[in-house]
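Asks: show me the folded form of this:
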Amino acid sequence: MNTTISNNGLPKFTQATSSSGNGSTPATAASAGSASAAPQPDDQLKLTDSARALQQAARADEAAAIDPQRVERVRQALANGSYQINPVRIADKMMSLEQQIGGTGKA
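Replies: Numbers count the residues shown, from 1 in each chain. The predicted structure follows:
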């Protein structure tokens, strides 16, 4: 039974058979190829400035996601009825978000 699988532009690999005469099997051929691709001790990773900025932003988002002290203050203000709602500030924030989503960029 023959099955053809598209390689999506990747190089084609042939399957070694016992009649090839070289004694190589697919497993040994694969292991020989992977031995040369093993990381060398002098391998280095260099991040661009953009990548570093993205990492720092991700760390900052994780750290500042929830402020437990502020949550507790709001919870207490809601419980004792002293929480003040500022409708102008809410409207301004909603308009800013709408402009950002709409792409007008006036936020």
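
Asks: all helices for this structure, in order.
Replies: Applying DSSP state H to the chain gives helices spanning 26-36, 49-63, 68-80, 87-102.

Asks: got those helices as a markdown table, with distance to residue 43, mean pLDDT and mean neighbour count columns?
Replies: The way it works is simple: take the backbone N, C-alpha and C, and place the C-beta from them, glycine included. What follows is the helices of the chain, written out as a markdown table (distance: least, C-beta to C-beta, whole Å; pLDDT from 0 to 100; neighbours: other C-beta atoms under 10 Å):
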| stretch | distance to residue 43 | mean pLDDT | mean neighbour count |
| --- | --- | --- | --- |
| helix 26-36 | 14 | 51 | 10 |
| helix 49-63 | 17 | 80 | 10 |
| helix 68-80 | 42 | 94 | 10 |
| helix 87-102 | 41 | 93 | 10 |
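
Asks: now those as a markdown table including distance to residue 42?
Replies: Formatted as a markdown table, the helices of the chain follow (distance: least, C-beta to C-beta, whole Å):
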| stretch | distance to residue 42 |
| --- | --- |
| helix 26-36 | 15 |
| helix 49-63 | 21 |
| helix 68-80 | 45 |
| helix 87-102 | 46 |
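
Asks: look up how far residue 74 lies from residue 58.
Replies: 26 Å (C-beta to C-beta, to the nearest Å).
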